[in-house]
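Trainee: Next comes the sequence, and after it the predicted model I'd like to discuss.
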Amino acid sequence: MTSPTAPALEVRGLTVRFWRTRVLDQLSLTVPNGALYALLGPNGTGKTTLLRTLAGISPVAQGVVSLLGHDRVRLPLAVQQRVGYVAEGQQLPEDLTVRHLERYLAPLYPAWDAARSAQLLERFGVPLTRRLGALSRGQRMLVALWAALAARPALLLMDEPFTGIDVAVKDRLVEGLLEVMADGGVSVLLCTHDLAEVEMLADWMGILRDGRVVHSAPLEQLRAQVAQETGQVAVTLKALYLALAAAPAAAGQSEAA
Amino acid sequence: MLPFPVDLRPGESPYRQVTYAATKAIVAGTLPSGAPFPSVRELSTALRINPNTAHKVVTELVRAGLLEVLPGVGTVVARGRAASDHERQALLARPLEQLVVEARRLGLPLDAVQDALAAQWRAIAPDRAPSDSATPDHAPDHAPEATP
(Lines give C-alpha, C1' and ligand atoms only; values in the text may rest on other atoms or scores of the structure.)
Protein backbone atom coordinates (compact mmCIF):
# COMPACT_ATOMS: atom_id res chain seq x y z
CA MET A 1 0.00 0.00 0.00
CA THR A 2 2.71 2.45 0.95
CA SER A 3 6.14 2.23 -0.57
CA PRO A 4 8.79 1.95 2.15
CA THR A 5 11.57 3.26 -0.08
CA ALA A 6 9.81 6.39 -1.35
CA PRO A 7 10.00 9.57 0.73
CA ALA A 8 6.87 10.24 2.77
CA LEU A 9 6.20 13.30 0.63
CA GLU A 10 7.68 14.49 -2.63
CA VAL A 11 6.63 17.61 -4.50
CA ARG A 12 8.08 18.65 -7.86
CA GLY A 13 7.36 21.86 -9.72
CA LEU A 14 4.11 22.67 -7.95
CA THR A 15 2.64 25.94 -9.16
CA VAL A 16 -0.58 27.39 -7.79
CA ARG A 17 -2.04 30.65 -9.09
CA PHE A 18 -4.78 32.82 -7.66
CA TRP A 19 -5.88 34.87 -10.65
CA ARG A 20 -2.59 36.29 -11.99
CA THR A 21 -0.58 35.84 -8.78
CA ARG A 22 1.63 32.80 -8.38
CA VAL A 23 1.27 31.76 -4.74
CA LEU A 24 3.42 28.68 -5.21
CA ASP A 25 5.98 28.91 -7.98
CA GLN A 26 7.64 25.69 -9.17
CA LEU A 27 7.81 24.54 -5.56
CA SER A 28 9.77 21.38 -4.78
CA LEU A 29 9.94 19.70 -1.39
CA THR A 30 10.94 16.31 -0.01
CA VAL A 31 9.99 15.03 3.45
CA PRO A 32 12.10 11.96 4.26
CA ASN A 33 10.48 8.96 5.90
CA GLY A 34 10.17 9.32 9.65
CA ALA A 35 11.20 12.98 9.72
CA LEU A 36 9.49 15.87 11.42
CA TYR A 37 9.95 18.55 8.79
CA ALA A 38 9.29 22.13 9.90
CA LEU A 39 8.38 24.42 7.03
CA LEU A 40 8.89 27.96 8.25
CA GLY A 41 7.89 31.25 6.77
CA PRO A 42 5.87 34.34 7.57
CA ASN A 43 2.12 34.40 7.19
CA GLY A 44 0.84 34.87 3.68
CA THR A 45 3.70 33.02 1.94
CA GLY A 46 1.54 30.13 0.79
CA LYS A 47 1.96 27.58 3.60
CA THR A 48 -1.77 27.03 3.93
CA THR A 49 -2.22 26.82 0.15
CA LEU A 50 0.53 24.21 0.01
CA LEU A 51 -0.95 22.09 2.80
CA ARG A 52 -4.46 22.27 1.39
CA THR A 53 -3.10 21.09 -1.94
CA LEU A 54 -1.18 18.25 -0.31
CA ALA A 55 -4.24 17.23 1.70
CA GLY A 56 -6.34 17.14 -1.47
CA ILE A 57 -8.62 20.01 -0.46
CA SER A 58 -7.34 22.08 -3.40
CA PRO A 59 -6.49 20.40 -6.73
CA VAL A 60 -2.97 20.01 -8.11
CA ALA A 61 -3.12 22.29 -11.15
CA GLN A 62 0.51 22.08 -12.23
CA GLY A 63 3.34 19.90 -10.94
CA VAL A 64 3.64 16.50 -9.29
CA VAL A 65 2.70 15.69 -5.70
CA SER A 66 3.54 12.25 -4.42
CA LEU A 67 2.28 11.07 -1.03
CA LEU A 68 3.70 7.84 0.44
CA GLY A 69 4.91 6.94 -3.03
CA HIS A 70 1.58 7.58 -4.79
CA ASP A 71 0.55 10.39 -7.12
CA ARG A 72 -1.88 12.79 -5.44
CA VAL A 73 -4.02 12.92 -8.59
CA ARG A 74 -4.82 9.20 -8.56
CA LEU A 75 -4.42 8.60 -4.84
CA PRO A 76 -5.89 5.24 -3.78
CA LEU A 77 -8.39 5.53 -0.92
CA ALA A 78 -6.23 3.23 1.23
CA VAL A 79 -3.36 5.73 0.95
CA GLN A 80 -5.59 8.78 1.48
CA GLN A 81 -6.69 7.17 4.74
CA ARG A 82 -3.06 7.16 5.93
CA VAL A 83 -2.66 10.93 5.39
CA GLY A 84 -3.70 13.02 8.38
CA TYR A 85 -4.43 16.75 8.24
CA VAL A 86 -4.69 19.11 11.18
CA ALA A 87 -5.11 22.85 10.70
CA GLU A 88 -5.65 25.96 12.77
CA GLY A 89 -9.36 26.71 12.98
CA GLN A 90 -10.23 23.36 11.42
CA GLN A 91 -13.90 22.61 10.84
CA LEU A 92 -15.30 20.05 13.26
CA PRO A 93 -18.89 18.77 13.33
CA GLU A 94 -20.23 21.22 15.94
CA ASP A 95 -23.10 19.10 17.23
CA LEU A 96 -21.16 15.90 17.80
CA THR A 97 -19.28 14.98 20.96
CA VAL A 98 -15.86 13.28 20.98
CA ARG A 99 -17.63 9.98 21.68
CA HIS A 100 -19.95 10.48 18.67
CA LEU A 101 -17.04 11.46 16.48
CA GLU A 102 -15.09 8.36 17.45
CA ARG A 103 -18.05 6.12 16.61
CA TYR A 104 -18.31 7.88 13.26
CA LEU A 105 -14.59 7.87 12.36
CA ALA A 106 -13.44 4.45 13.59
CA PRO A 107 -15.21 2.39 10.89
CA LEU A 108 -14.02 4.80 8.15
CA TYR A 109 -10.34 4.21 8.91
CA PRO A 110 -9.12 0.60 8.65
CA ALA A 111 -6.02 1.46 10.69
CA TRP A 112 -8.04 3.16 13.49
CA ASP A 113 -6.30 2.30 16.76
CA ALA A 114 -8.75 2.09 19.68
CA ALA A 115 -5.98 1.71 22.26
CA ARG A 116 -4.10 4.73 20.98
CA SER A 117 -7.35 6.67 20.80
CA ALA A 118 -8.11 5.98 24.47
CA GLN A 119 -4.54 6.79 25.50
CA LEU A 120 -4.55 10.12 23.64
CA LEU A 121 -7.95 11.13 24.99
CA GLU A 122 -6.69 10.50 28.50
CA ARG A 123 -3.51 12.50 27.88
CA PHE A 124 -5.38 15.36 26.19
CA GLY A 125 -8.10 15.49 28.86
CA VAL A 126 -10.79 16.85 26.53
CA PRO A 127 -14.43 16.49 27.63
CA LEU A 128 -15.85 13.42 25.89
CA THR A 129 -19.56 14.14 26.09
CA ARG A 130 -19.74 17.87 25.40
CA ARG A 131 -20.67 19.29 21.97
CA LEU A 132 -17.51 20.05 19.96
CA GLY A 133 -19.02 23.46 19.21
CA ALA A 134 -18.88 24.27 22.92
CA LEU A 135 -15.16 23.49 23.30
CA SER A 136 -12.38 26.06 23.52
CA ARG A 137 -10.04 26.72 20.61
CA GLY A 138 -7.28 24.71 22.27
CA GLN A 139 -9.58 21.80 23.03
CA ARG A 140 -10.78 21.74 19.44
CA MET A 141 -7.17 21.56 18.25
CA LEU A 142 -6.57 18.63 20.62
CA VAL A 143 -9.68 16.90 19.22
CA ALA A 144 -8.44 17.45 15.65
CA LEU A 145 -5.02 16.00 16.49
CA TRP A 146 -6.54 13.09 18.40
CA ALA A 147 -8.74 12.19 15.40
CA ALA A 148 -5.79 12.38 13.03
CA LEU A 149 -3.42 10.35 15.22
CA ALA A 150 -5.90 7.63 16.22
CA ALA A 151 -6.27 6.79 12.51
CA ARG A 152 -2.55 5.87 12.51
CA PRO A 153 -1.42 8.21 9.76
CA ALA A 154 1.82 7.46 7.89
CA LEU A 155 2.01 11.14 6.94
CA LEU A 156 0.66 13.95 9.08
CA LEU A 157 0.20 17.46 7.66
CA MET A 158 -0.05 20.17 10.32
CA ASP A 159 -0.91 23.77 9.51
CA GLU A 160 -0.17 26.23 12.35
CA PRO A 161 -1.39 23.91 15.12
CA PHE A 162 0.04 26.15 17.87
CA THR A 163 -1.63 29.40 16.88
CA GLY A 164 -3.84 30.96 19.53
CA ILE A 165 -3.67 28.16 22.08
CA ASP A 166 -2.28 28.41 25.60
CA VAL A 167 0.98 26.89 26.78
CA ALA A 168 -0.59 24.00 28.71
CA VAL A 169 -2.54 22.89 25.64
CA LYS A 170 0.56 23.29 23.49
CA ASP A 171 2.44 20.98 25.85
CA ARG A 172 -0.24 18.32 25.59
CA LEU A 173 -0.31 18.62 21.80
CA VAL A 174 3.44 18.19 21.56
CA GLU A 175 3.56 15.30 24.03
CA GLY A 176 0.77 13.46 22.20
CA LEU A 177 2.58 13.95 18.91
CA LEU A 178 5.92 12.72 20.33
CA GLU A 179 4.26 9.71 21.93
CA VAL A 180 2.89 8.68 18.55
CA MET A 181 6.14 9.46 16.74
CA ALA A 182 7.99 7.19 19.19
CA ASP A 183 5.82 4.30 17.93
CA GLY A 184 7.47 4.91 14.55
CA GLY A 185 5.98 4.84 11.07
CA VAL A 186 4.83 8.46 10.89
CA SER A 187 6.36 11.40 9.06
CA VAL A 188 5.25 14.94 9.81
CA LEU A 189 5.17 18.14 7.78
CA LEU A 190 4.64 21.00 10.21
CA CYS A 191 4.00 24.49 8.86
CA THR A 192 4.40 27.15 11.47
CA HIS A 193 5.96 30.45 12.37
CA ASP A 194 6.30 29.42 16.01
CA LEU A 195 10.08 29.01 16.06
CA ALA A 196 10.47 28.32 19.78
CA GLU A 197 8.07 25.41 19.61
CA VAL A 198 9.86 23.59 16.81
CA GLU A 199 13.39 24.22 18.06
CA MET A 200 13.59 20.83 19.82
CA LEU A 201 11.03 18.99 17.68
CA ALA A 202 12.14 19.32 14.10
CA ASP A 203 14.90 17.27 12.53
CA TRP A 204 14.49 18.80 9.07
CA MET A 205 13.57 22.31 8.07
CA GLY A 206 12.99 24.50 5.08
CA ILE A 207 11.85 28.06 4.47
CA LEU A 208 8.99 28.98 2.19
CA ARG A 209 9.93 32.15 0.34
CA ASP A 210 8.60 33.67 -2.87
CA GLY A 211 6.55 30.55 -3.51
CA ARG A 212 9.47 28.15 -3.19
CA VAL A 213 11.14 26.10 -0.49
CA VAL A 214 14.70 27.25 0.13
CA HIS A 215 17.40 26.00 2.52
CA SER A 216 15.83 22.57 2.86
CA ALA A 217 18.18 20.40 4.95
CA PRO A 218 18.58 18.56 8.27
CA LEU A 219 18.28 21.12 11.06
CA GLU A 220 21.65 20.16 12.57
CA GLN A 221 23.38 20.71 9.27
CA LEU A 222 21.89 24.20 8.87
CA ARG A 223 22.75 25.00 12.47
CA ALA A 224 26.38 23.93 11.99
CA GLN A 225 26.59 25.89 8.75
CA VAL A 226 25.28 29.13 10.26
CA ALA A 227 27.40 28.62 13.41
CA GLN A 228 30.49 28.42 11.24
CA GLU A 229 29.55 31.40 9.09
CA THR A 230 28.76 33.65 12.06
CA GLY A 231 31.36 32.33 14.53
CA GLN A 232 28.64 31.71 17.13
CA VAL A 233 28.68 28.66 19.38
CA ALA A 234 24.93 28.69 19.89
CA VAL A 235 22.50 29.34 17.05
CA THR A 236 18.86 29.45 18.11
CA LEU A 237 16.22 28.54 15.61
CA LYS A 238 15.21 32.20 15.52
CA ALA A 239 18.77 33.27 14.68
CA LEU A 240 18.98 30.45 12.14
CA TYR A 241 15.74 31.48 10.52
CA LEU A 242 16.71 35.14 10.33
CA ALA A 243 20.14 34.28 8.87
CA LEU A 244 18.71 31.92 6.27
CA ALA A 245 15.65 33.99 5.42
CA ALA A 246 17.96 36.85 4.51
CA ALA A 247 20.58 34.73 2.73
CA PRO A 248 20.26 34.05 -0.97
CA ALA A 249 19.40 30.44 -1.74
CA ALA A 250 22.71 29.09 -2.98
CA ALA A 251 22.76 26.69 -5.89
CA GLY A 252 21.86 23.22 -4.73
CA GLN A 253 20.15 24.47 -1.59
CA SER A 254 16.95 25.39 -3.28
CA GLU A 255 15.27 22.18 -4.23
CA ALA A 256 13.83 23.93 -7.21
CA ALA A 257 17.32 24.57 -8.56
CA MET B 1 11.41 12.07 35.41
CA LEU B 2 14.83 11.26 34.01
CA PRO B 3 17.57 9.81 36.24
CA PHE B 4 20.04 12.51 35.14
CA PRO B 5 19.67 16.26 34.78
CA VAL B 6 19.36 17.81 31.31
CA ASP B 7 18.97 21.54 30.99
CA LEU B 8 17.99 21.96 27.35
CA ARG B 9 18.77 25.40 26.02
CA PRO B 10 17.82 26.82 22.68
CA GLY B 11 20.73 27.41 20.35
CA GLU B 12 22.52 24.10 20.38
CA SER B 13 21.36 20.87 18.85
CA PRO B 14 19.33 18.81 21.34
CA TYR B 15 21.30 15.76 20.17
CA ARG B 16 24.59 17.23 21.37
CA GLN B 17 23.09 18.56 24.59
CA VAL B 18 21.46 15.30 25.65
CA THR B 19 24.47 13.18 24.64
CA TYR B 20 26.67 15.48 26.68
CA ALA B 21 24.39 15.41 29.74
CA ALA B 22 24.12 11.60 29.68
CA THR B 23 27.87 11.14 29.16
CA LYS B 24 28.56 13.47 32.05
CA ALA B 25 26.17 11.57 34.34
CA ILE B 26 27.73 8.22 33.43
CA VAL B 27 31.36 9.31 33.62
CA ALA B 28 30.79 11.16 36.90
CA GLY B 29 28.98 8.15 38.36
CA THR B 30 25.60 9.86 38.84
CA LEU B 31 24.31 7.00 36.70
CA PRO B 32 26.18 3.97 38.10
CA SER B 33 27.10 1.00 35.96
CA GLY B 34 24.18 -1.37 35.50
CA ALA B 35 21.61 1.38 36.12
CA PRO B 36 18.69 1.37 33.68
CA PHE B 37 18.87 4.05 31.01
CA PRO B 38 15.63 5.71 29.81
CA SER B 39 14.04 4.37 26.63
CA VAL B 40 13.80 6.42 23.45
CA ARG B 41 10.14 7.06 24.28
CA GLU B 42 10.93 8.23 27.80
CA LEU B 43 13.74 10.51 26.63
CA SER B 44 11.58 11.93 23.88
CA THR B 45 8.50 12.71 25.95
CA ALA B 46 10.35 13.82 29.11
CA LEU B 47 12.58 16.24 27.18
CA ARG B 48 10.07 17.01 24.44
CA ILE B 49 12.59 16.18 21.73
CA ASN B 50 12.09 14.35 18.46
CA PRO B 51 12.22 10.54 19.01
CA ASN B 52 14.70 10.34 16.10
CA THR B 53 17.02 12.56 18.13
CA ALA B 54 16.52 10.45 21.27
CA HIS B 55 17.29 7.33 19.22
CA LYS B 56 20.47 8.92 17.88
CA VAL B 57 21.58 9.74 21.43
CA VAL B 58 21.12 6.15 22.64
CA THR B 59 22.85 4.75 19.54
CA GLU B 60 25.81 7.07 20.06
CA LEU B 61 26.15 6.18 23.77
CA VAL B 62 26.03 2.45 22.93
CA ARG B 63 28.64 2.99 20.22
CA ALA B 64 30.85 4.87 22.68
CA GLY B 65 30.62 1.91 25.07
CA LEU B 66 28.82 3.91 27.77
CA LEU B 67 25.57 1.97 27.44
CA GLU B 68 24.86 -1.63 26.66
CA VAL B 69 21.71 -3.25 25.40
CA LEU B 70 20.58 -6.28 27.41
CA PRO B 71 18.08 -8.37 25.48
CA GLY B 72 14.82 -8.59 27.37
CA VAL B 73 15.94 -6.05 29.95
CA GLY B 74 16.58 -2.84 28.07
CA THR B 75 19.41 -0.39 27.88
CA VAL B 76 21.64 -0.06 30.94
CA VAL B 77 24.82 1.80 31.80
CA ALA B 78 27.68 -0.44 30.68
CA ARG B 79 28.86 -2.67 33.50
CA GLY B 80 32.41 -3.30 34.67
CA ARG B 81 33.95 -0.18 33.28
CA ALA B 82 35.72 2.75 34.89
CA ALA B 83 35.79 6.16 33.26
CA SER B 84 39.18 6.80 31.67
CA ASP B 85 41.07 10.08 31.91
CA HIS B 86 40.37 10.47 28.24
CA GLU B 87 36.59 10.27 28.79
CA ARG B 88 36.73 12.71 31.66
CA GLN B 89 38.82 15.06 29.55
CA ALA B 90 36.41 14.75 26.63
CA LEU B 91 33.70 16.28 28.79
CA LEU B 92 35.69 19.49 28.82
CA ALA B 93 35.58 19.82 25.04
CA ARG B 94 32.32 21.74 25.03
CA PRO B 95 33.05 24.35 27.71
CA LEU B 96 36.57 24.70 26.29
CA GLU B 97 35.21 25.41 22.83
CA GLN B 98 32.94 28.08 24.25
CA LEU B 99 35.82 29.60 26.20
CA VAL B 100 38.07 29.73 23.14
CA VAL B 101 35.36 31.22 20.94
CA GLU B 102 34.60 33.90 23.54
CA ALA B 103 38.29 34.66 24.08
CA ARG B 104 38.95 35.03 20.37
CA ARG B 105 35.94 37.23 19.94
CA LEU B 106 37.29 39.45 22.70
CA GLY B 107 40.69 39.43 20.98
CA LEU B 108 42.54 37.92 23.96
CA PRO B 109 45.85 36.11 23.35
CA LEU B 110 46.30 32.51 24.48
CA ASP B 111 48.60 33.30 27.41
CA ALA B 112 46.11 35.79 28.85
CA VAL B 113 43.44 33.07 28.77
CA GLN B 114 45.85 30.57 30.34
CA ASP B 115 46.64 33.04 33.13
CA ALA B 116 42.96 33.68 33.74
CA LEU B 117 42.32 29.94 33.81
CA ALA B 118 45.12 29.37 36.32
CA ALA B 119 43.84 32.23 38.51
CA GLN B 120 40.33 30.80 38.43
CA TRP B 121 41.71 27.35 39.25
CA ARG B 122 43.50 28.75 42.31
CA ALA B 123 40.46 30.77 43.37
CA ILE B 124 38.16 27.76 43.35
CA ALA B 125 40.56 25.08 44.60
CA PRO B 126 43.10 27.04 46.68
CA ASP B 127 44.20 23.98 48.68
CA ARG B 128 45.39 22.21 45.56
CA ALA B 129 47.10 25.20 44.04
CA PRO B 130 50.57 24.77 45.64
CA SER B 131 51.12 21.23 44.36
CA ASP B 132 49.70 22.07 40.93
CA SER B 133 51.93 25.07 40.36
CA ALA B 134 54.85 24.30 42.67
CA THR B 135 57.34 23.44 39.94
CA PRO B 136 56.62 25.78 37.05
CA ASP B 137 60.15 25.37 35.71
CA HIS B 138 59.74 21.68 35.09
CA ALA B 139 57.64 20.50 32.24
CA PRO B 140 55.02 18.00 33.42
CA ASP B 141 56.28 14.49 32.78
CA HIS B 142 53.39 13.54 30.50
CA ALA B 143 53.98 16.41 28.12
CA PRO B 144 55.53 15.44 24.79
CA GLU B 145 58.08 18.30 25.01
CA ALA B 146 59.63 16.54 28.01
CA THR B 147 61.02 13.79 25.85
CA PRO B 148 64.75 14.41 25.32
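Mentor: Structure received.

Trainee: Let me see the contact set for the residue of the stretch 101-250 of chain A at minimum distance from chain B.
Mentor: Chain B sits closest to residue A:234 of the stretch 101-250 of chain A, with a gap of 3.0 Å, by CB to the nearest CB. In this view, the C-beta of every residue, glycine as well, is placed from N, C-alpha and C. Residues in contact with residue A:234 (CB atoms under 8 Å, 6 or more residues apart in numbering or on different chains) are A:227, B:9-12.

Trainee: and for stretch B:92-101, what are the contacting residues?
Mentor: With CB under 8 Å, 6+ apart as the test, stretch B:92-101 has contacts from A:231-233, B:16, B:20, B:113.

Trainee: Closest one of those residues to residue A:142?
Mentor: Using CB to CB, residue B:16 comes nearest to residue A:142 of these, at 32.1 Å.

Trainee: Burial check on the closest one, number of neighbours?
Mentor: 15 (other CB atoms under 10 Å in any protein chain shown).

Trainee: Check residue A:49 too.
Mentor: Count around residue A:49 with other CB under 10 Å applied: 20.

Trainee: in chain B, which spans are helices?
Mentor: B:14-27, B:40-47, B:51-63, B:85-90, B:93-106, B:110-124, B:129-133 (DSSP state H).

Trainee: contacting residues for residue 13?
Mentor: You didn't pick a chain, so chain A it is. Contacts of residue A:13 (CB under 8 Å, 6+ apart): A:26-28, A:62-64, A:256.

Trainee: not quite, I wanted chain B
Mentor: By CB under 8 Å, 6+ apart, the residues touching residue B:13 are A:219-220, A:223.

Trainee: List phi and psi for it.
Mentor: Phi and psi for residue B:13, reported as degrees, to the nearest 10, are phi -60, psi 130.

Trainee: Can you report phi and psi for the residue nearest the centre of chain B?
Mentor: Closest residue to the average C-alpha location of chain B: residue B:91 at 2.2 Å, with CA atoms, centre = their mean. Torsion angles at residue B:91 (phi, psi; degrees, to the nearest 10) stand at phi -70, psi -20.

Trainee: For it, which non-adjacent residue is spatially closest?
Mentor: Once flanking residues are discounted, residue B:91 sits nearest to residue B:24: 5.6 Å by CB to CB, 6 or more residues apart in numbering or on different chains.

Trainee: For the one you found, which residues are in contact?
Mentor: By CB under 8 Å, 6+ apart, the contact list for residue B:24 reads B:4, B:30, B:91.

Trainee: Looking at these, which one is closest to residue B:76?
Mentor: After measuring these against residue B:76 - CB to CB - the closest member comes out as residue B:4, at 13.5 Å.

Trainee: Identify the residues contacting the closest one.
Mentor: By CB under 8 Å, 6+ apart, the neighbours of residue B:4 are B:21-22, B:24-25, B:30-31.

Trainee: So which of those residues wins on neighbours?
Mentor: residue B:22 (27 neighbours).

Trainee: Could you verify my assumption that that one touches residue B:62?
Mentor: No: the criterion here is CB atoms under 8 Å, and residue B:22 misses it with residue B:62 at 11.2 Å.

Trainee: what's the neighbour count on the closest residue to chain A within chain B?
Mentor: Nearest residue of chain B to chain A, counting by CB to the nearest CB: residue B:11, 3.0 Å away. A count of nearby residues for residue B:11, using other CB under 10 Å, gives 18.

Trainee: Tell me how far the nearest residue to it once chain neighbours are set aside lies from residue A:224.
Mentor: Nearest non-adjacent residue to residue B:11, counting by CB to CB, 6+ apart: residue A:234, 3.0 Å away. In this structure, residue A:234 and residue A:224 are 12 Å apart, going by CB to CB, to the nearest Å.

Trainee: hey, where'd the helices end up in the stretch 1-150 of chain A?
Mentor: Under the criterion DSSP state H, counting those that start in this stretch, helices of the stretch 1-150 of chain A are mapped to A:47-55, A:77-80, A:98-105, A:114-124, A:137-150.

Trainee: on that earlier part again, now, which of the contacts of residue A:234 sits nearest residue A:126?
Mentor: Nearest to residue A:126 among those, with distances taken as CB to CB, is residue B:10, at 29.7 Å.

Trainee: what's near enough to touch that closest one?
Mentor: By CB under 8 Å, 6+ apart, the contact set of residue B:10 is A:196, A:199, A:234, A:236-238.
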